[in-house]
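>>> Make a model of this:
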Amino acid sequence: MCLSIPGKLIEITSQLDETFRVGKVSFDGVLREVSLTLVPEANIGDYVLVHVGAAISIIDEDEALKTFDLLKQLGELHDLDEPSDE
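Modelled structure (predicted):
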């Protein structure tokens, strides 16, 4: 199953122009670099839905937090786990 995970945009890390940007998104403290090309209107502090390394839409904070909590309860956040040294 493919899921979009909500996260909070905390920093713009790279910007070629107004459209081609990369940002750092926090998923409950787990930070990932994400393409912001599909959401050029996204600003720091916005919550975005991320699918396969790309933010695909901006969403409401309450909905983002509810969705993230539900995904946590369902155990669907294993892709955010840091790789182990084993």
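
>>> can you list the weak-confidence ranges in this structure?
Along the chain, segments meeting pLDDT under 70 span 1-2, 79, 81-86.

>>> Now do the strands in it.
Remark: strands assigned in the chain by DSSP state E are 5-15, 21-27, 30-35, 47-51, 54-59.

>>> The fourth one - contacts with which helices or strands?
If I follow you right, that is strand 47-51. If you count contacts as 3 or more Cβ pairs under 8 Å, 6 or more residues apart in numbering; DSSP states H and E, strand 47-51 packs onto strand 5-15, strand 21-27, strand 30-35, strand 54-59, helix 61-74. Yep, even glycine has a C-beta here, placed from its N, CA and C like the rest.

>>> I'd like these written out as CSV, with distance to N43 and mean neighbour count added.
Below are the helices and strands packed on strand 47-51 laid out as CSV (distance: least, Cβ to Cβ, whole Å; neighbours: other Cβ atoms under 10 Å):
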stretch, distance to N43, mean neighbour count
strand 5-15, 7, 17
strand 21-27, 10, 20
strand 30-35, 14, 16
strand 54-59, 9, 17
helix 61-74, 13, 13
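
>>> Export the ones you listed as TSV, with columns for distance to E41.
What follows is those, written out as TSV (distance: least, Cβ to Cβ, whole Å):
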stretch	distance to E41
strand 5-15	11
strand 21-27	11
strand 30-35	14
strand 54-59	7
helix 61-74	16
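
>>> re earlier: for the strands of the chain, which one sits closest to L70?
For the strands of the chain, the distance to L70 is smallest for strand 5-15, at 10.1 Å, taking Cβ to Cβ.
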